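Here is a sequence together with a model predicted from it:
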Amino acid sequence: MNPPDSIRSALRKISSLSGAVEGAWIVGGSAGLMLRGIALAEPPRDLDIYADRADAAYLHDLLSGYATDSPAYSVTPIYESVLSHYEIEGVSVELVGGFVVTAGDDRYTVKVREGLMPYASMVNIRPAELPAAVVPLAHELIFNLLRSRMDRVEVVAAAMSEAPLQHGPALRALIAASSLTTGTEQRLLRLAGLTEAKGDGDLWR
């Protein structure tokens, strides 16, 4: 299943407007998974893009003509970020700057330029062939495990375990750059097919 044409139109507009800040933003969430060719039960209704905090401020200026609010620092029990929202080509777009996920003793800081971009998948948004970067599956595995979205974990883990050597470097790099418990690190590696289970039961727990 491919993302709806409206999602692609929004991405074309964002890519066109942000051409001068190459490498500053990356697509995540369900739209990112579908751009990778991963089938989901439902098509994405909105578009999530991530950026480092300074880049997010600059991107907001570029997209300000489509903004529905101003960037605001947001803290929830597990998320920390600067959020801003836009309506582009009929699509609700959320720009997430300086994203941090904390679940118990696990803390995952999303660094776009240093952490995600080296392992991103690049797609061309037709017909203009404008580029867009998509987060590595390793990010989706960590993010969804920490927020206990096990339906999404199962889909991502299945895709990663089909080619563990391809996805392993990104996962190991993101683990090394994060502050995760040993148990979470081992669980992530097992889910991605990078180690054998040690007889500890259901990997989806």
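Yep, that arrived.

Look up how far residue 166 lies from the spatially most central residue of the chain.
Nearest residue to the geometric centre of the chain (CA atoms, centre = their mean): residue 28, 3.1 Å. Distance from residue 28 to residue 166, counting by CB to CB, to the nearest Å: 19 Å. In short, each C-beta sits where N, CA and C put it, glycine included.

Can you check which strand is longest in this structure?
strand 91-103 (DSSP state E).

From the contact counts, what lies against it?
Secondary-structure packing of strand 91-103 (3 or more CB pairs under 8 Å, 6 or more residues apart in numbering; DSSP states H and E): helix 5-17, strand 46-51, helix 53-63, strand 79-88, strand 106-109, helix 137-146.

Need the ones you listed in a markdown table (columns: mean neighbour count, mean pLDDT and distance to residue 171).
Output for these, formatted as a markdown table (neighbours: other CB atoms under 10 Å; pLDDT from 0 to 100; distance: least, CB to CB, whole Å):
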| stretch | mean neighbour count | mean pLDDT | distance to residue 171 |
| --- | --- | --- | --- |
| helix 5-17 | 19 | 92 | 25 |
| strand 46-51 | 24 | 97 | 17 |
| helix 53-63 | 17 | 96 | 24 |
| strand 79-88 | 19 | 98 | 21 |
| strand 106-109 | 18 | 98 | 12 |
| helix 137-146 | 24 | 98 | 4 |
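
Out of these, flag the one nearest residue 37.
Closest of the helices and strands packed on strand 91-103 to residue 37 is helix 137-146, at 11.4 Å (criterion: CB to CB).

residues making contact with the closest one?
28, 32-33, 36, 78, 101-103, 106, 108, 110, 116, 119, 150, 152-153, 156-157, 159-160, 167, 170-171, 173-175, 178, 180, 184, 187-188, 191-192 (CB atoms under 8 Å, 6 or more residues apart in numbering).

Quick one: low-confidence residue ranges for the protein.
The chain contains residues with pLDDT under 70 at 1-3, 127-128, 196-205.

what secondary structure does residue 32 sit in?
helix (DSSP: H, G, I helix; E, B strand; the rest coil).

If you drop the residues flanking it in sequence, what lies closest to it?
Using CB to CB, 6 or more residues apart in numbering and skipping the chain neighbours, the partner closest in space to residue 32 is residue 134 (4.6 Å).

Now residue 43: which helix or strand?
Assigned by DSSP states H and E, residue 43 belongs to no helix or strand.

wait, isn't it in contact with residue 6?
No. Residue 43 is not in contact with residue 6 according to CB atoms under 8 Å; the separation is 9.7 Å.

Residues in contact with stretch 42-54: which ones?
1, 3-4, 7, 10-11, 14, 24-32, 34, 59, 82, 88, 91-99, 110-113, 116, 135.

just stretch 168-188 next, same as before
Counting by CB under 8 Å, 6+ apart, 104-109, 111, 114-115, 118-119, 136-139, 141-142, 145-146, 160, 189, 192, 194-195, 198, 203 sit against stretch 168-188.
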